[in-house]
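Colleague: pasted the sequence and its predicted model underneath.
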Amino acid sequence: MEVLLFGIAKDIVGESKIDFAKSGDMPRSVAALRDLLNKTYPEFAKLSSLAVAVNSEYALDDVTLRSGDEIAIIPPVSGG
Amino acid sequence: MKKTIIEIVDAIDVSKTYMELSSPKSGGICVFIGTVREFTQGEEVVSLEFETYRKMALQEMEKIAMEAVKKWKLNSVVIRHAIGTKKIEDPVVVVGASAPHRAACFEACRFLIDTLKERVPIWKKEIFKNKTVWVSAHP
């Protein structure tokens, strides 16, 4: 399962994506993914907000993650 | 026919917006152009860098346009955002609406830019002389 990273999220991780297939402990829900990120990269907890998109739609914490999903971490947006 | 133009581009040509929004059924066109400001909280900005999650951004922009068309009965909407490095005074976003009467396009135009800033996955990094800052990232 790949997780796409943008903006400051990319800087925090130091990569443009995380591949959970490699690391072996794939989170099963948006909430689990958030917990894992906050634990692995404490800098995430300092952001004003952190949204997750599943298949390019904003997803709430209870949404289940499947291996074929396109998942993205959406740090605070700042377009315009 | 309702016309919507949704784009993420490398550079914005604001001059074509009028033609895109003009229509025989419209009595008013409102356009907002967001540009790069020289100073942010007293600090001199060298440039801004924009990046996007393009697929999702286009989808969110489309939703915003559709919401506006429905709510204000618009004839046409443009939402166009630039990405990449932008210098002082460069246009970075253009939103516009045309409608039979002016009140609808003023309100819609405000909604388009405010909602874009809330929801659309585009990120702006401010480049100062001696540091860089992802805008809004931290409280």
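Modeller: Thanks, I have the structure now.
Colleague: A:L50: how many residues sit nearby?
Modeller: Counted with other Cβ atoms under 10 Å in any protein chain shown, the neighbours of A:L50 add up to 18. For glycine as for every other residue, the C-beta is placed from the backbone atoms N, C-alpha and C.
Colleague: tell me the pLDDT of it.
Modeller: Residue-level confidence at A:L50 comes out at 95, pLDDT.
Colleague: give me the distance between it and B:L48.
Modeller: Using Cβ to Cβ, to the nearest Å, A:L50 is found at 22 Å from B:L48.
Colleague: bridge partners for B:A99, pull those for me.
Modeller: B:G28 (DSSP bridges).
Colleague: was I right about it contacting B:E107?
Modeller: No. With contacts counted by Cβ atoms under 8 Å, B:A99 stays clear of B:E107, the gap being 9.3 Å.
Colleague: is chain B within reach of stretch A:5-18?
Modeller: Yes. Stretch A:5-18 is in contact with chain B by Cβ under 8 Å from any Cβ of the partner chain, via A:6-8, A:11.
Colleague: of these, grab the buried ones for PyMOL.
Modeller: Filtering the residues of stretch A:5-18 next to chain B down to the buried ones (16 or more other Cβ atoms under 10 Å in any protein chain shown) takes a single PyMOL command:
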select buried, chain A and resi 6+7+8+11
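Colleague: re earlier: the more surrounded of B:A99 and B:E107?
Modeller: With other Cβ under 10 Å as the criterion, B:A99 and B:E107 differ in neighbour count, and B:A99 comes out ahead with 28 against 16.
Colleague: centroid residue for chain B?
Modeller: When Cα atoms, centre = their mean is applied to chain B, the residue found nearest the centroid is B:V93 (3.4 Å).
Colleague: again, but for chain A
Modeller: A:I73 (3.5 Å).
Colleague: show me what contacts that one?
Modeller: Taking Cβ atoms under 8 Å, 6 or more residues apart in numbering or on different chains, we find A:I73 in contact with A:3-6, A:9, A:37, A:50-52.
Colleague: again, only this time at 7 Å
Modeller: Residues near A:I73 by Cβ atoms under 7 Å, 6 or more residues apart in numbering or on different chains: A:3, A:5, A:9, A:50, A:52.
Colleague: what about it, which SS state?
Modeller: At A:I73 the chain is in strand, as set by DSSP: H, G, I helix; E, B strand; the rest coil.
Colleague: that older thread, for the residue nearest to the centre of chain B, which non-adjacent residue is closest in space?
Modeller: Leaving aside its chain neighbours, B:V93 sits nearest to B:G34 (4.0 Å; criterion: Cβ to Cβ, 6 or more residues apart in numbering or on different chains).
Colleague: list the buried residues for whichever strand or helix holds that neighbour?
Modeller: Using DSSP states H and E, B:G34 maps to strand B:28-35. Residues of strand B:28-35 classed as buried: B:28-32, B:34 (neighbour count, 16+ other Cβ under 10 Å).
Colleague: ok, stretch A:21-36 next?
Modeller: Here stretch A:21-36 shows A:26-27, A:29-30, A:33-34, A:36 as buried, counting by 16+ other Cβ under 10 Å.
Colleague: just stretch B:71-78 next, same as before
Modeller: Neighbour-count burial for stretch B:71-78 [16+ other Cβ under 10 Å]: B:72, B:74-78.
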